[in-house]
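1. pasting the sequence and the predicted model now:
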Amino acid sequence: MDFSLSPSAVDFRAEVKAFIAEHLTAEVVDQMHATGTFNDKAFNAALADAGLLAGAVPGYGDRDPIELYILFNELEKAGAPYDGLAVTMLVAGVVNAVGTDFHRTRVLEKLLTGRLNCCLGYSEPDHGSDVASITTKAVRDGDEWVITGQKMWTTMAHVSDWVILLTRTNPGVPRHKGLTMFLVPMDTPGIEVQPVPTMATERTNATFYDEVRVGDEWRLGEVDGGWAVMGVALAFERGVMGGTNPAVPLLRHVRDWAGGAASPDGGTMLQDPLLRERLARTAIGNQVSQLLTLRAAWIAATGGLPGLEGSMAKLYATGRYQQAVGWFQEMAGAEGLLSFGVDAAAADGWIDYDARHAPVTTIYGGTTEINRNNVAERHLGLPRDR
Amino acid sequence: MDLDLTEDQEAIREVFAGFFSYETGPERARAAEPHGFDTRAWDRLMQTGAPGMGVAESSGGGGATLADLTVVVEEAGAHIAALPLVDHMVAARLLATVGACDADVLAGATIIGLALRPPVDGVARTVPTGAVARRVVALDGDALVLIDGDPGDHLENHGCLPLAHRPLAGATVLAAGPDAVDAYRRALDEWRALTASTLVGMTRTALDLGVDYAKERQQFGRPIGSFQAIQHLLADLPGLLDGARLITAKAAWAGDRAVAGQTGMADMGDNEITDFAALACMALVSAGEAAATSTDRSLHVHGGYGFSEEYDIQLYFRRARALTMVLDDPARECRRLADMLLTGQATGATA
């Protein structure tokens, strides 16, 4: 095995780091947490203008998916607003894999400019993990489809130009077989976006679709072939596109805080043996998470679809992140409860932020239980029980 | 970047998977208890050249890299071989660096071990292979010393390892000074990486045993492996296993690079770690945790039978625990790692 990056990947990483150093200003970070929108259009556009986005679409062109991993990993480690960009590039990858020339011209090329966004419309109020049971319906009317229903957790819908929408087109067949995916322009009449605030700083949305009419050219994949499109999207989503190294900025924040924080036992918190042990355990978790993610990227780079490997990376990384957040918030004591902008907040409020954010990481993008089902059934070959 | 084994390593894996499957395994491990040494398997292993394969060709060995050796010992761990292979390989490489590796050690006719901790009151205590190794290398102050004599009296223990105390009286000094200390530290890091790989092998088999049992065992009219409560206990393990194997492979890669004179770095703030000493420590802690979790959950899935002597999982459970702890408390290993990561001077043996 060889764990060194290729010279071109090393150059790419240096470019990304230089970009981040220049463009990820305190204002950009403050803005993202103040608005709850982890998407910055000017930042995305600058990334595209710097030529760093073309490699960010999974499976697109001849760029190495290791570059895709590098881009999102560097953005995640730096604490940049990348959530909206990751979803947008994921949709770009799906469009590239299953879309028509119309989709490529009208959507993919524009997404690559960094100036437009997509969001994901899979979950509904009554159908989350059991996404194959969704009820938002699309009914054919000549050359058009009429879509009616409601989606939940449509994060970034309020800044998006398109939503990829999973709909039911055939209620008369087993649930996986009657689904169709659409790419719907968000300015189509009949779409309403309502904010859903969360316990962390990030905002998400509920979206409503009232007899939304789109032409058949906006269909993504086959009629009743939506489940296959979902499969492509999920394989891209888990592991490779960020979300597996959230404890890297956490560790940095805690280390920097601990060096200057007085311990009630004397000395600084950085001299506390238990804190040092936990910093090291978190550093180990961060390395292993990185390696599991790199493996998923490497499988994608060598022509595979790393669905299971992505599930393993997500299971491992999110569990470690939550464990670390719990440790460090407790060790920061009462000041570990204080938020951004508050006097004496441990790590300037980052510990409180991570402790608020961490619970969602084992829920979104496929819950821990769904990922365990995947591994149990498809990797270990245990009998299916649903 | 290449996360596959090389062609040569695939061939090595195949040969040694076959060897350990045929010559070792749970029945042989059971027969070797409590002493923890399978004499017949060691004699056969000598014919494969494994004891000296990690020594440089210029010193008469097989010239295998640390990465190659991880492949061999993962298979030894997977088949719970009661053999002092890791300690012998590491100590032989260490001897070669001071020009003291003779033909008997290369062949494995003389077994050599490594004292992992500083001697106390003239005794190297609880040496992992002290009850089977004639010779033991220890670091006494800044002196690398060689103990040579009859193996020590076996100390009955949790994992049925061939543990023994070995007095330093009569030991000869092989080398002394900063270079000797560095060579010994490098050997300890190699021991960490190879023991981690052994633990990865044990993690792998423990998972297989649990999955096989869950598919076969029927309760309430169904295989217990169809219950989500059982599935989810087992489904966390492949990620732990693969993660431990990856970081162990990365440690070995860094160790081989260090031999070639390439120093690594350890930047925890950016999660960029290529330093051998840091990675070896991470690998051991990570593999120890994977092995503990895998053997524990697999044993639990076996129900009462897992606790009984008759079933194999208890062998893996006890051995994994023992191999993880014979060096030190993993928490202390983590504090050592913190010292390396926080000073930014984690140069280990690469300096």
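-> Received it, and whenever you're ready, just let me know what you need. Numbers count the residues shown, from 1 in each chain, chains lettered A, B, ... in the order given.
2. can you give me the strands for the stretch 101-250 of chain A?
-> Taking DSSP state E, counting those that start in this stretch as the test, the strands found in the stretch 101-250 of chain A are A:118-121, A:137-141, A:144-152, A:162-168, A:179-185, A:191-197, A:203-215, A:219-220.
3. try the stretch 251-351 of chain B
-> B:266-267, B:272-273.
4. out of those strands, deepest packed?
-> The highest mean neighbour count among the strands of the stretch 251-351 of chain B, using mean count of other CB atoms under 10 Å in any protein chain shown, belongs to strand B:272-273: a mean of 22. Every residue, glycine included, has its C-beta placed from N, CA and C.
5. quick revisit: now the strands of the stretch 251-351 of chain B as CSV including distance to A:I70 and mean pLDDT?
-> Below are the strands of the stretch 251-351 of chain B laid out as CSV (distance: least, CB to CB, whole Å; pLDDT from 0 to 100):
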stretch, distance to A:I70, mean pLDDT
strand B:266-267, 16, 95
strand B:272-273, 12, 96
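6. could the ones you listed go into TSV alongside distance to chain A?
-> Conversion of the strands of the stretch 251-351 of chain B to TSV gives the following (distance: least, CB to the nearest CB, whole Å):
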stretch	distance to chain A
strand B:266-267	9
strand B:272-273	6
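7. for the stretch 51-200 of chain B, what lies in contact range of chain A?
-> B:A67 (CB under 8 Å from any CB of the partner chain).
8. so where does the residue of the stretch 51-200 of chain B found nearest chain A fall, helix or strand?
-> Nearest residue of the stretch 51-200 of chain B to chain A, counting by CB to the nearest CB: B:A67, 6.8 Å away. B:A67 is part of helix B:66-78, with elements assigned from DSSP states H and E.
9. show me what that helix is packed against.
-> helix B:7-23, helix B:85-97, helix B:178-216, helix B:237-259 (3 or more CB pairs under 8 Å, 6 or more residues apart in numbering or on different chains; DSSP states H and E).
10. with mean neighbour count added, can I get those in CSV?
-> Formatted as CSV, the helices and strands packed on helix B:66-78 follow (neighbours: other CB atoms under 10 Å in any protein chain shown):
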stretch, mean neighbour count
helix B:7-23, 16
helix B:85-97, 26
helix B:178-216, 23
helix B:237-259, 25
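11. can you pull the contacts of residue 335?
-> Here I'm looking at chain A. A:261, A:344-346 (CB atoms under 8 Å, 6 or more residues apart in numbering or on different chains).
12. right idea, wrong chain: chain B
-> A:273, A:276-277, A:280.
13. out of these, list just those in helices.
-> A:273, A:276-277, A:280 (DSSP state H).
14. among the residues you listed, which are in reach of chain B?
-> Checking the ones in helices among the contacts of B:R335 against chain B (CB under 8 Å from any CB), the matches are A:273, A:276-277, A:280.
15. name the member of the residues you listed with the most neighbours.
-> A:A280 (27 neighbours; other CB atoms under 10 Å in any protein chain shown).
16. about what we covered before: what about the helix holding B:A67, average pLDDT?
-> In this model, helix B:66-78 has a mean pLDDT of 98.
17. and the angle from it to helix B:7-23?
-> Taking axes from the mean of the first three to the mean of the last three CA atoms, to 10 degrees, helix B:66-78 and helix B:7-23 form an angle of 20 degrees between their directions.
18. looking at the strands of the stretch 251-351 of chain B, which is nearest to A:V375?
-> strand B:272-273 (26.6 Å; CB to CB).
19. strand partners of the closest one, parallel vs antiparallel please.
-> strand B:266-267 (antiparallel) (DSSP bridges).
20. ok, the residue positioned nearest the centre of chain B - contacts?
-> Among the residues of chain B, the one closest to the centroid is B:T195, at 1.5 Å (CA atoms, centre = their mean). By CB under 8 Å, 6+ apart, the residues touching B:T195 are B:86, B:284, B:287, B:323, B:327.
21. can you tell me the closest non-neighbouring residue to A:V196?
-> A:T204 (4.7 Å; CB to CB, 6 or more residues apart in numbering or on different chains).
22. could you see whether chain B lies near stretch A:367-378?
-> Yes - Stretch A:367-378 lies within reach of chain B by CB under 8 Å from any CB, at A:369, A:371-373, A:375-377.
23. how many neighbouring residues does the residue nearest to B:A31 when sequence neighbours are not counted have?
-> Distances taken as CB to CB, 6+ apart place B:D38 nearest to B:A31, at 7.5 Å, with adjacent residues excluded. When neighbours are defined as other CB under 10 Å, B:D38 has 23 of them.
24. so who does B:D38 touch?
-> B:24, B:28-29, B:31-32, B:81-83.
25. phi, psi for it please.
-> phi -100, psi 90 (degrees, to the nearest 10).
26. distance to A:P197 and pLDDT added to the ones next to chain B among the ones in helices among the contacts of B:R335, as TSV?
-> Formatted as TSV, these follow (distance: CB to CB, whole Å; pLDDT from 0 to 100):
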residue	distance to A:P197	pLDDT
A:P273	40	97
A:R276	37	97
A:E277	37	98
A:A280	36	98
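27. closest to A:A247 among those residues?
-> For those, the nearest to A:A247 is A:A280 (12.6 Å; CB to CB).
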